[in-house]
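Engineer: got a predicted model here, sequence first, then my questions.
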Amino acid sequence: MRRWNGWGDDTVDFEVPLAASEYLSKLIGPARPPNKISLEEMVAMVPPSRLQDHRLVSTDVEDRIRHCTGQSMSDWIFFRGGLVSNFPDGVAFPESDNDVREILRFAREIEAQVIPYGGGTSVVGHLTVPKSEQCIITVDMGRMNKLLDLDKQGCLATFQAGVRGPDLEAALRAEGFTLGHYPQSFELSTLGGWVVTRSAGHFSMGYGRIERLFVGGEMETPVGTFRVPAFPASAAGPDLREVIMGSEGRLGIVTKCTVKVTALPEAEVFPAAFFRGREEGVAAVRALAQAEIPLSMIRLSLPEETMTTLSLKSGWQMDLLYHWLAWHGVRDQKTMLLYGAVGTHKKVNWALRRAKEIIKEHHGVNVGTSVGKHWYKSRFKLPYIRNNLWDQGYAVDTLETAVPWNKASLTRKEIEEGLRRALNEMNEKVHVFTHLSHVYPHGTSLYITYIFRLGDSATETMTRWRILKKAACEAIVRTGATITHQHGVGIDHQPYLVAEKGAMGMEVISSVCRTLDPDGMMNPGKLLK
Ligand SMILES: Cc1cc2nc3c(=O)[nH]c(=O)nc-3n(C[C@H](O)[C@H](O)[C@H](O)COP(=O)(O)OP(=O)(O)OC[C@H]3O[C@@H](n4cnc5c(N)ncnc54)[C@H](O)[C@@H]3O)c2cc1C
């Protein structure tokens, strides 16, 4: 069953190896396990629902608890610390477009606010329930999960928007196709959620980010149905897919999405290589991104991340790897590259041959495919470590941005140093590490993980996190990077949006909101104030 207060299924655990706990303790100090709030204690905190009965809306207390937050760090701190005070008054579980329309009509009649809910995996506060005089209805799309149409000739699939990653892929694979979209939240996140947050998966270099895959769909808005037909291409004015993509539940509830799919690949191969330091690694991935090789992924872990990742592993294979690398001159600044190719055997072989040449030109040491195989097998398990580290007393948060190549080093340094320094006054240290996981010919994303110790109280932990988040966001804006490459805006990034959209851009977005949602009932406070 899904954990009510953490990540993922409660039968899955990611035990932190002793060596990794010791490594962390040495870096930022030993931690103390926090107090735990039980589900029964949480149930006792939930106020009575203000909603009148409706056949599609549950006011069950546990449903309301399970839908009152997403997975952002502030959600975790509030929720796990028992500070959460706002719950939806009810949770609707529509099964059809008609149900969605009926819920929106009902919400409008009673002047309720509506929060669309996909898989509940948002990490930037998209789902946080605001304090409100109005009733709040969260609409869980999980039962709208069917494959509606597969056009094999045109490689187009239409799904109901609440379909989760594994169900979507299973339905396509049964017919010999794949979408190839794998955010790390794949097991819980939904197609509708991906589209409205503009998500990116680890094979987006090959298959494309969700905006390259989304070709059309339908969204139920407070003023009617908004339809975007799935044309192969069109010159008919502005592209209205852009109204849906990135809308973050502010404009309506997406009910259907048509996406481009691809025939299942013959081969998927994920080799690894190591570089002697970050500069060589970054130069190599830039060259790979600009060489127009059909790679499906690139993930370059800079030295701090490489060390942290390696600290999770031990055994004779690791000893062998260290010796092999040392023999090739790769020692204390190890920079690990995972890359992949997916497609026909011919295409994969060609891509990997060319990639290896470029890696060699940058003094990289190819180490075969066993590291990549391990990554592939455990790629969706890593987020579970967040549960276990929290129980030990450590908070893990991530943030991401994208920036042209000529600013990438400055942006990374400013963010990392800002985070490392942020808690100096509290005498607290922060462990920070970065990887480049979505690289483009003209720039790269930067994905930063930071780990800090929980405070003695949830309030103190929240203070620490707010200081850290502010330091990182300010560094992003100061260096001219985007406030988000893949997680979206939600609440956490909202104050920084104007820096890149400008006042006129903000007004354009607001005016679309006013047109489709004149009463401001959709997901209030997210994306825009
Ligand atoms: C462990 C973990 C790993 C992650 N890895 C990645 C990653 O690799 N790449 C990435 O891009 N993101 C990642 N994320 C972030 C998150 O998974 C994505 O933002 C994802 O797209 C959210 O999808 P969801 O279905 O869970 O949406 P939710 O979290 O439920 O909702 C997110 C927003 O979308 C709106 N929404 C959802 N469904 C609909 C709908 N049908 N109609 C209208 N609005 C809707 C909600 O109102 C909300 O504003 C990760 C998150 C976690 C916790």
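Structural biologist: Arrived safely, thanks for sending. Numbers count the residues shown, from 1 in each chain.
Engineer: going by C-alpha atoms from here, please, whenever you check contacts or count neighbours.
Structural biologist: Fine.
Engineer: and the residue in the stretch 301-450 of the chain positioned nearest to the ligand, how far is that from Ile253?
Structural biologist: Relative to the ligand, the nearest point of the stretch 301-450 of the chain is Pro383 (4.8 Å; Cα to the nearest ligand atom). Note on Pro383: its distance to Ile253, by Cα to Cα, to the nearest Å, is 28 Å.
Engineer: between those two, who's got more neighbours?
Structural biologist: Using other Cα atoms under 10 Å, the more surrounded residue of Pro383 and Ile253 is Ile253, with 32 against 17.
Engineer: can you give me the distance of that one to Ala112?
Structural biologist: From Ile253 to Ala112 the distance is 15 Å (Cα to Cα).
Engineer: now swap in Pro222 and tell me
Structural biologist: Taking Cα to Cα, one finds Pro222 at 12 Å from Ala112.
Engineer: okay, the two: which has more neighbours?
Structural biologist: Taking other Cα under 10 Å, Pro222 and Ala112 do not tie; Pro222 has more neighbours (23 against 20).
Engineer: returning to that earlier point: hang on, the residue of the stretch 301-450 of the chain closest to the ligand in a helix?
Structural biologist: Yes - counting by DSSP: H, G, I helix; E, B strand; the rest coil, Pro383 falls inside a helix.
Engineer: quick one: contacts for it?
Structural biologist: 7, 184 (Cα atoms under 8 Å, 6 or more residues apart in numbering).
Engineer: one more: Val365?
Structural biologist: Contact analysis of Val365 by Cα under 8 Å, 6+ apart lists 273-275, 325, 328, 359.
Engineer: so which of the residues you listed is the most crowded?
Structural biologist: Phe275 (30 neighbours).
Engineer: distance of that one relative to Leu300?
Structural biologist: 10 Å.
Engineer: now do the lowest-mean-pLDDT helix or strand in the chain: distance to the chain's middle.
Structural biologist: Scoring the helices and strands of the chain by mean pLDDT, DSSP states H and E places helix 316-327 at the bottom, with a mean of 89. Remark: helix 316-327 is offset 33 Å from the chain centroid, using Cα atoms, centre = their mean, to the nearest Å.
Engineer: just stretch 473-482 next, same as before
Structural biologist: With Cα atoms, centre = their mean, you get 19 Å for stretch 473-482.
Engineer: use 18 as the first number from now on
Structural biologist: In the new numbering, first residue 18, that becomes stretch 490-499.
Engineer: what's the helix or strand for the nearest residue to Asp509 once chain neighbours are set aside?
Structural biologist: Distance criterion Cα to Cα, 6 or more residues apart in numbering; nearest residue to Asp509, sequence neighbours excluded, is Val141 at 5.2 Å. For Val141, there is no host helix or strand (DSSP states H and E).
Engineer: thinking Val141 is in contact with Gln511, fair?
Structural biologist: No - distance between Val141 and Gln511: 9.4 Å, which falls outside the contact criterion (Cα atoms under 8 Å).
Engineer: what about Ser206, how many residues nearby?
Structural biologist: That count, for Ser206 with other Cα under 10 Å as the rule, works out to 24.
Engineer: and the pLDDT for it?
Structural biologist: Predicted confidence (pLDDT) for Ser206: 98.
Engineer: residue contacts, it?
Structural biologist: Neighbour list for Ser206: 135-138, 181-182 [criterion: Cα under 8 Å, 6+ apart].
Engineer: rerun that using 6 Å as the cut-off
Structural biologist: 136, 138, 181 (Cα atoms under 6 Å, 6 or more residues apart in numbering).
Engineer: out of the residues you listed, who's the most crowded?
Structural biologist: Arg181 (27 neighbours).
Engineer: how far is the biggest helix by length in the chain from where the chain is centred?
Structural biologist: Longest helix of the chain, by residue count under DSSP state H: helix 511-533. Here helix 511-533 is found 22 Å from its chain centre; the criterion is Cα atoms, centre = their mean.
Engineer: repeat that for stretch 167-178.
Structural biologist: Computed by Cα atoms, centre = their mean, the separation of stretch 167-178 from the middle of its chain amounts to 24 Å.
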